[in-house]
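A.B. asks: give me the fold of what follows.
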Amino acid sequence: MEVTYVVIVALVTYIIGAFTKLKWGHIPNKYIPLQNVCIGVVSGIICFVLKLESSFIQSFVLCITATMGAGGAHDLLQTFQKSESDN
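C.D. replies: Okay, here's the model as predicted:
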């Protein structure tokens, strides 16, 4: 079941990210956490509707945690790459 959550979150992230790039071009970094929450909410709804999770709240929490964790990991990687290029 966990792989299915990852696939749903990845697909929703791709779709919302592509829509954002087409519609607005580039959004400021301060709005990325808000975008991640929206992705988590949409993913949570999809997972609940597909009956992957029996609890509505648990589905939301799982998907929002996944998106926020992925965003944090991406920021960490960018920070590490920036510090390496500064040296």
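
A.B. asks: okay, now residue 86: neighbour count?
C.D. replies: Neighbour count for residue 86, taken as other C-beta atoms under 10 Å: 6. Just so you know, the C-beta spots here come from the backbone N, C-alpha and C atoms, and that holds for glycine as well.

A.B. asks: for the chain, which segments count as helices?
C.D. replies: Using DSSP state H, the helices assigned to the chain run over residues 2-24, 32-49, 56-86.

A.B. asks: how about those in a markdown table, adding mean pLDDT?
C.D. replies: Shown next, in a markdown table, are the helices of the chain (pLDDT from 0 to 100):
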| stretch | mean pLDDT |
| --- | --- |
| helix 2-24 | 81 |
| helix 32-49 | 88 |
| helix 56-86 | 82 |
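
A.B. asks: tell me which of those helices is the most buried.
C.D. replies: When you average the neighbours per residue for each of these (mean count of other C-beta atoms under 10 Å), helix 32-49 leads with a mean of 18.

A.B. asks: tilt between it and helix 2-24?
C.D. replies: Angle between the axes of helix 32-49 and helix 2-24 is 130 degrees (criterion: axes from the mean of the first three to the mean of the last three C-alpha atoms, to 10 degrees).

A.B. asks: could you name the helices and strands sitting against helix 32-49?
C.D. replies: If you count contacts as 3 or more C-beta pairs under 8 Å, 6 or more residues apart in numbering; DSSP states H and E, helix 32-49 packs onto helix 2-24, helix 56-86.

A.B. asks: reformat those as JSON lines; add distance to residue 39.
C.D. replies: As requested, those are exported to JSON lines (distance: least, C-beta to C-beta, whole Å):
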{"stretch": "helix 2-24", "distance to residue 39": "5"}
{"stretch": "helix 56-86", "distance to residue 39": "5"}
